[in-house]
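1. Provided below are the primary sequence and the corresponding predicted coordinates.
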Amino acid sequence: MPAPSAATFARLSELIAIPDAADRPTRPVVEAFTGKEIATIPVGTADDAKQAIARARVAQAEWAKRPVSERAEIFHRYRDLVLKNRDALMDMAQAETGKSRAAAQEEVLDIAMTARHYARVAPKLLRPHRVTGMLPVLTKATVRYHPKGVVGVISPWNYPMTLAVSDAIAAILAGNAVVLKPDSQTPYCALACVELLYEAGLPRDLFAVVPGPGSVVGTALVENTEYLMFTGSTATGKLLAEQAGRRLIGFSAELGGKNPMIVAAGANLREVTDAAVRACYSNSGQLCISIERIYVEESIAPEFGRMFGERVGNMKLAPGYEFGIEMGSLVSEDQVKAVSSHVDDAVAKGAKVLAGGKARPDLGPLFYEPTVLTDVPEDAECYREETFGPLVSVYPVKNVEEAIERANDTEYGLNASVWAGSKAEGEAIAARVRSGTVNVDEGYAPAWGSTGAPMGGMGVSGVGRRHGPDGLIKYTEQQTVATTRLLNLGGPRGLPPKLWAKVMPPFVKALKWLPGR
């Protein structure tokens, strides 16, 4: 099965929110498996972003007037279109990123699940609701949700479909418009998803795609929108947070992770081994929530190391647009260099290679073997730094207490995995791990895929949450409307102020006996 056709790229390029895009400077888009140019993409400017924001602002004013249930209908249709066109979407995801077919399908299915979830729950979550007023009977209070306005989304290259569209789904359902800056390596993934949104009935100006450099287009977004959603590195997230803070606009980010797995004695090592392959090497390890550190109790560490090393050494690594390949390529030469640097540094300092450990140019320009290290010293770069590639280190520990301590010995806190002799033991360990999501008896998918639950990072792994009620409500301005009834707080007409002042304290004291007070 080949990469998407030239006609597909030409059709999608017409959706770019840049006037006279055909006359603009371009940059190449390459097929990750081969390194060959398959398309070009216009390079947007700050003015392009500002114009898209201006058009989005006009469209948003009309969109906000629509009932939430009417907005939701579009996303129910969108879910169906995503599933109907999943093969074409997977082709595009693989072409631009080099990921395996299974990893591409994971991304496409996530979009469908997110669209369904928020289309189903948004009407209820955004409905005005009563809360207890200051003084029962005399006052009532209602909470309403107003959209922020125009939301800027800056998405990464590793999951260029779901991280471009899933956050936008919640923002748009909340009544906002979205202007998206996709990563320059993977712009057509975003455009392929947005095309289906337009087909589902979304007004075109309500969701605009402006490709271009982050320092140019990304800066224009943070300087001109009412909210910014970012997924990417911790370093860039800190910079954007500073810029958003100066404008006092809302900011949410999912950032880096150095995610641990804990394997306690009593765990089923065959199940752990198979799941660890998914947890560590999905999307070639280029996943914020993938596992990079495995802490194993000493009594089972030798057996686990043997089984895991053997399983990883036999993984099928290859290019291809078909199912059955376990791991594809990395996305860029920079990623290959980063992984090679971490492996070479660790080995030079005494680490041992249990599996993998080298680039595979015989398969394609961006392939690197899935790699397992042990005996990694503390001064190795990969001991604390995020690799963001197909590299995991295994560390024997004396007991679970040491495993928890070492799992928490990091400034990151995005995702974790726990395996033990029972579900109850695993859940007890999980509760002590400082991480935004923890998966018991899996790597990352159950927590990520639980769209009704919040997902995000502690520490330097992020700000705010996606998914769950917070993932929708964060795109709104919450307003309290409090109404005074029967008489105002100055007291009944004709009652002396001194007497009213004496009445109020015992009245307030009596409130503790009322439900909800």
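-> Great, that's in hand. Numbers count the residues shown, from 1 in each chain.
2. contacts and neighbour counts: CA atoms only from here.
-> Fine.
3. So, low pLDDT: which residues of the protein?
-> Within the chain, the set of residues satisfying pLDDT under 70 comprises 1, 514-517.
4. Could you pull out the helices in the stretch 151-300 of the chain for me?
-> With DSSP state H, counting those that start in this stretch, the ranges of helices along the stretch 151-300 of the chain come out as 162-173, 187-200, 219-224, 234-247, 269-281.
5. Output the contacting helices and strands for the first one.
-> Of the remaining helices and strands, those touching helix 162-173 by 3 or more Cα pairs under 8 Å, 6 or more residues apart in numbering; DSSP states H and E are helix 68-84, helix 101-125, strand 150-154, strand 177-181, helix 187-200, helix 470-473.
6. Quickly find the element holding the spatially closest residue to Leu269 that is not a sequence neighbour.
-> Distances taken as Cα to Cα, 6 or more residues apart in numbering place Phe304 nearest to Leu269, at 6.4 Å, with adjacent residues excluded. Element membership for Phe304 (DSSP states H and E) is helix 301-313.
7. try Arg144
-> Following DSSP H and E, the helix or strand that holds Arg144 is strand 139-147.
8. Contacts made by that strand with the rest, please.
-> 64, 126-134, 174-176, 473, 475-485 (Cα atoms under 8 Å, 6 or more residues apart in numbering).
9. Of those residues, grab the buried ones for PyMOL.
-> The buried residues among those can be selected in PyMOL (16 or more other Cα atoms under 10 Å) with this line:
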select buried, resi 64+126+133+134+174+175+176+473+475+476+478+482
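10. Mind checking which of the contacts of strand 139-147 are in helices?
-> Ile473 (DSSP state H).
11. quick one, helices of the stretch 301-450 of the chain?
-> 301-313, 333-348, 381-384, 400-407, 423-430, 445-449.
12. got TSV for these, with mean neighbour count too?
-> Shown next, in TSV, are these (neighbours: other Cα atoms under 10 Å):
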stretch	mean neighbour count
helix 301-313	18
helix 333-348	18
helix 381-384	19
helix 400-407	18
helix 423-430	17
helix 445-449	17
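13. can you put those helices in a markdown table and add distance to Ile154?
-> As requested, these are exported to a markdown table (distance: least, Cα to Cα, whole Å):
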| stretch | distance to Ile154 |
| --- | --- |
| helix 301-313 | 34 |
| helix 333-348 | 20 |
| helix 381-384 | 26 |
| helix 400-407 | 30 |
| helix 423-430 | 31 |
| helix 445-449 | 20 |
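14. Tell me which of these lies nearest to Ala200.
-> The closest of the helices of the stretch 301-450 of the chain to Ala200 is helix 445-449. By Cα to Cα, the value is 23.5 Å.
15. and the closest one, what other elements does it pack with?
-> With contacts taken as 3+ Cα pairs under 8 Å, 6+ apart, helix 445-449 sits against strand 437-440.
16. List the neighbouring strands of the strand it packs on plus their orientation.
-> Counting by DSSP bridges, the strands paired with strand 437-440 are strand 415-419 (parallel).
17. now the partner strand: how far from the chain's centre is it?
-> Computed by Cα atoms, centre = their mean, to the nearest Å, the chain-centroid distance of strand 415-419 equals 18 Å.
18. Just want the angle from it to helix 423-430.
-> Interaxial angle of strand 415-419 relative to helix 423-430 (axes from the mean of the first three to the mean of the last three Cα atoms, to 10 degrees): 140 degrees.
19. coming back round to it: for Cys382, which of the helices and strands packed on helix 162-173 is the nearest?
-> With Cα to Cα as the criterion, Cys382 lies closest to helix 101-125 of the helices and strands packed on helix 162-173, at 24.2 Å.
20. Which other helices and strands does that closest one contact?
-> Helix 101-125 packs on helix 68-84, helix 86-97, helix 162-173, helix 470-473, going by 3+ Cα pairs under 8 Å, 6+ apart.
21. just to revisit the earlier point, of the helices of the stretch 301-450 of the chain, which is nearest Phe251?
-> Closest approach to Phe251 among the helices of the stretch 301-450 of the chain is made by helix 445-449 (20.5 Å; Cα to Cα).
22. need the next SSE after the closest one, C-terminal direction.
-> strand 462-463.
23. Restricted to strands, list the contacts of strand 139-147.
-> Of the positions in these, His129, Arg130, Val131, Thr476, Glu477, Gln478, Gln479, Thr480, Val481, Ala482, Thr483, Thr484 sit in strands, assigned by DSSP state E.
24. And the furthest pair within those?
-> Between any two of those (Cα to Cα), the greatest distance is 25.5 Å, for Thr476 and Thr484.
25. The residue lying closest to Ala301 once chain neighbours are set aside pairs with what?
-> Of all residues not flanking Ala301 in the chain, Pro396 sits nearest, at 5.7 Å (Cα to Cα, 6+ apart). Beta-bridge pairing for Pro396 (DSSP bridges): Val296.
26. So that it lines up with my notes, have the first residue be 135 from now on.
-> Sounds good: first residue 135 from here, last item Pro530.
27. what does stretch 602-609 rub up against?
-> In contact with stretch 602-609 (Cα under 8 Å, 6+ apart) are residues 252, 256, 259-260, 279, 281-282, 285, 301, 304-305, 308, 310, 361, 585-589, 599-600.
28. Now, of those, which are buried?
-> Counted by 16+ other Cα under 10 Å, the contacts of stretch 602-609 give 252, 256, 259-260, 279, 281-282, 285, 301, 304-305, 308, 310, 361, 585-589, 599-600 as buried.
29. hang on, the earlier thing: okay, the ones in strands among the contacts of strand 273-281 in CSV with distance to Lys643 next?
-> Shown next, in CSV, are the ones in strands among the contacts of strand 273-281 (distance: Cα to Cα, whole Å):
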residue, distance to Lys643
His263, 26
Arg264, 23
Val265, 20
Thr610, 35
Glu611, 33
Gln612, 29
Gln613, 28
Thr614, 24
Val615, 25
Ala616, 21
Thr617, 22
Thr618, 20
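30. hang on, the earlier thing: tell me how far the residue nearest to Leu403 lies from Tyr529.
-> Applying Cα to Cα, to the nearest Å, the value for Phe438 to Tyr529 is 11 Å.
31. list residues touching both of the two?
-> Here Phe438 and Tyr529 have Val430 as joint contacts, going by Cα under 8 Å, 6+ apart.
32. Name the stretch among the helices of the stretch 285-434 of the chain that sits most buried.
-> Highest mean neighbour count of those: helix 296-307, a mean of 25 (counted as mean count of other Cα atoms under 10 Å).
33. Quick check: the residue nearest to Ala435 touching Gly439?
-> No. Applying Cα atoms under 8 Å, one finds Pro530 not in contact with Gly439, separated by 9.4 Å.
34. circling back to that earlier point, now find how far off-centre the helix holding Phe438 is within its chain.
-> Taking mean C-alpha positions (Cα atoms, centre = their mean), helix 435-447 and its chain are 30 Å apart.
35. Pro499: which of the helices and strands packed on helix 296-307 is closest?
-> Among the helices and strands packed on helix 296-307, helix 235-259 sits nearest to Pro499 (Cα to Cα), with 18.6 Å.
36. in that closest one, what's buried?
-> 235-257, 259.
37. Centre of the chain to it, how far?
-> Distance, centroid of helix 235-259 to centroid of chain: 12 Å (Cα atoms, centre = their mean).
38. how far away is the nearest residue to Pro321 once chain neighbours are set aside from Ile303?
-> Of all residues not flanking Pro321 in the chain, Pro345 sits nearest, at 6.7 Å (Cα to Cα, 6+ apart). Distance, Pro345 to Ile303, using Cα to Cα: 19 Å.
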